[in-house]
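> Sequence first, predicted coordinates after that:
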Amino acid sequence: MKTVSRFTAIAAVLLASSSAFAADWSSNAITYGYAPHQSEPAVSDKVAKNILTFTHVSGDKLGSNLFNIDLLKSNSVDPANNGGGGAQEWYGFYQRNFSLNAMTGNKTGYGIAKDLNLTARVDAGAKNTAFAPAPRKLQLGMSAAMPVSAGFWDIGVAAYKETNHNGDLGTSVSFKVAPALNSAWAIPVAGIGTFGGFASIVGPKGKDGYGAQTAMETLIRATFMFDVMGPKSGLSAGGGVEYWNNKFGCDSSISNGGFNGNKCKATTPMLLVSYKL
C-alpha cells in the first residue's frame, strides 16, 4: 500500500504541474493494432493480441505532456484466470517533459541537441491472468531533442524503479533501481507518411519474485504509417515490427521459476490503423 500511495502522490504532482499552464497545442489519436507473434514468459505458444490505444500529446510554456493507454486482448493460448477466453490487459503511462529552452530562454540549443528536457514518467498496468501482474514504474531523467528538420527524435536516460505482483507466489516484488535508455521518434517522409517508433533498454533490476537474477530488457518498435487521403485527413494506416528481448527482465537464455526463458524473446510484425481526433 505504501508503494501504491507513493506512485499516486508522484502522479498527482506531475498532473498538477501540467495543469498549472494552459496547453498551447494538443493532439489526440486512437489506434488499433494487431500483433500475431508476441511472447509471454509462461506461455508455450506465440500470442496474438488485439491492441486499442489512446494517445494524448500537448505542450505549454514549460514543456510537454504525453499520456498513452493500451487495452490489449490476447487469444486463447494466453488465457484469463479461471477461463473466459484470452487474457485482457491495460497498460498506461504519463510523461512530463520540462524544457530547458522554455525555462531558461535559451534559443541556441545544447551542442547537437535542439533542446534538453527534464523528464518524469509514471507507468501502471494490470492483467487478468493467474500470474496477475500489476506493474508500477517510475522514471526520472533527462532527454535530448535531436536536430531533425521535421517531426521529432528524442534520446534520454533515466533512473528506473519498478514494483510488480507475482500471483503464483501471492506476493509483491520491489525491484532495485536500474538505469534506462529511451528513445522515441516520429519523422514525416516525403509527404506520404511518418516513420515512427520507440526504443527502451532497462538494465538488470535485481532478483525477480522467484529469486532469479533479471537480465537487461530491450524493447524496440518501428513503424511506418501512410497518410490515407492526404496528411490532413487524420487517418493513417501501415505496419511495423516489434522486437522484445528478456521481456520483463526474464533471461531469454535460461529457464527460471515459472518462466520459460525461450518465451522471453520475440519478434512480431504489426498491422496498425490510426485516426487523429
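Nice, I can see it.
> sec struct for Tyr103, please.
Check again: residue 103 is Met, not Tyr. In three-state terms, and counting by DSSP: H, G, I helix; E, B strand; the rest coil, Met103 is helix.
> and the gap between the residue nearest to it when sequence neighbours are not counted and Gly156?
Leaving aside its chain neighbours, Met103 sits nearest to Leu62 (6.5 Å; criterion: Cβ to Cβ, 6 or more residues apart in numbering). In short, each C-beta sits where N, CA and C put it, glycine included. Here the distance between Leu62 and Gly156 works out to 17 Å (Cβ to Cβ, to the nearest Å).
> neighbour-wise, which of the two wins?
Gly156 (22 against 17; other Cβ atoms under 10 Å).
> what about the helices in this structure?
2-19, 100-104 (DSSP state H).
> Confidence-wise, which of these is weakest overall?
For these, mean pLDDT drops lowest on helix 2-19, to a mean of 55.
> Can you list the low-confidence ranges for the protein?
1-21, 255-262 (pLDDT under 70).
> who's in contact with Phe93?
Counting by Cβ atoms under 8 Å, 6 or more residues apart in numbering, Phe93 touches 66-69, 121-124, 137.
> go on, Ser74?
Here Ser74 is in contact with 40, 47-49, 86-89 (criterion: Cβ under 8 Å, 6+ apart).
> Quick check: chain neighbours aside, which residue is closest to it?
Among residues not flanking Ser74 along the chain, Gly86 sits closest, at 3.9 Å (Cβ to Cβ, 6+ apart).
> Tell me how far the one you found lies from Leu72.
Counting by Cβ to Cβ - Gly86 and Leu72 are separated by 9 Å.
> what do you get for Lys276?
22 Å.
> Correct me if wrong: the residue nearest to Ser74 contacts Asn50.
No: the pair Gly86 / Asn50 is not scored as a contact, 9.1 Å apart, by Cβ atoms under 8 Å.
> Give the residues shared as contacts by the two.
Contacts common to Gly86 and Asn50, judged by Cβ under 8 Å, 6+ apart, are Lys73.
> Between those two, tell me which one has more neighbours.
In terms of neighbours (other Cβ under 10 Å), Gly86 is the more surrounded of Gly86 and Asn50; the figures are 20 against 14.
> picking up where we left off before, can you lay out the contacts of Ser74 as JSON lines showing distance to Leu272?
As requested, these are exported to JSON lines (distance: Cβ to Cβ, whole Å):
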{"residue": "Glu40", "distance to Leu272": "21"}
{"residue": "Val47", "distance to Leu272": "18"}
{"residue": "Ala48", "distance to Leu272": "15"}
{"residue": "Lys49", "distance to Leu272": "13"}
{"residue": "Gly86", "distance to Leu272": "20"}
{"residue": "Ala87", "distance to Leu272": "21"}
{"residue": "Gln88", "distance to Leu272": "20"}
{"residue": "Glu89", "distance to Leu272": "18"}
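> Just the buried residues from those, in ChimeraX please.
Buried members of the contacts of Ser74, defined by 16 or more other Cβ atoms under 10 Å, are picked up in ChimeraX with:
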select :40,47,48,49,86,87,89
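> Which members of the contacts of Ser74 are positioned in strands?
47-49, 88-89 (DSSP state E).
> can you redo those as TSV with distance to Leu100?
What follows is these, written out as TSV (distance: Cβ to Cβ, whole Å):
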residue	distance to Leu100
Val47	41
Ala48	43
Lys49	38
Gln88	41
Glu89	36
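> circling back to that earlier point, show me the beta-bridge partners of the residue nearest to Ser74.
Here Gly86 sits in beta bridges with Pro79, going by DSSP bridges.
> Distance check, it against Val47.
Distance from Gly86 to Val47, by Cβ to Cβ: 8 Å.
> Identify the contacts common to the two.
Shared contacts of Gly86 and Val47, counting by Cβ under 8 Å, 6+ apart, come down to 74-75, 77-78.
> Considering those, which possesses the most neighbours?
Asp78 (24 neighbours).
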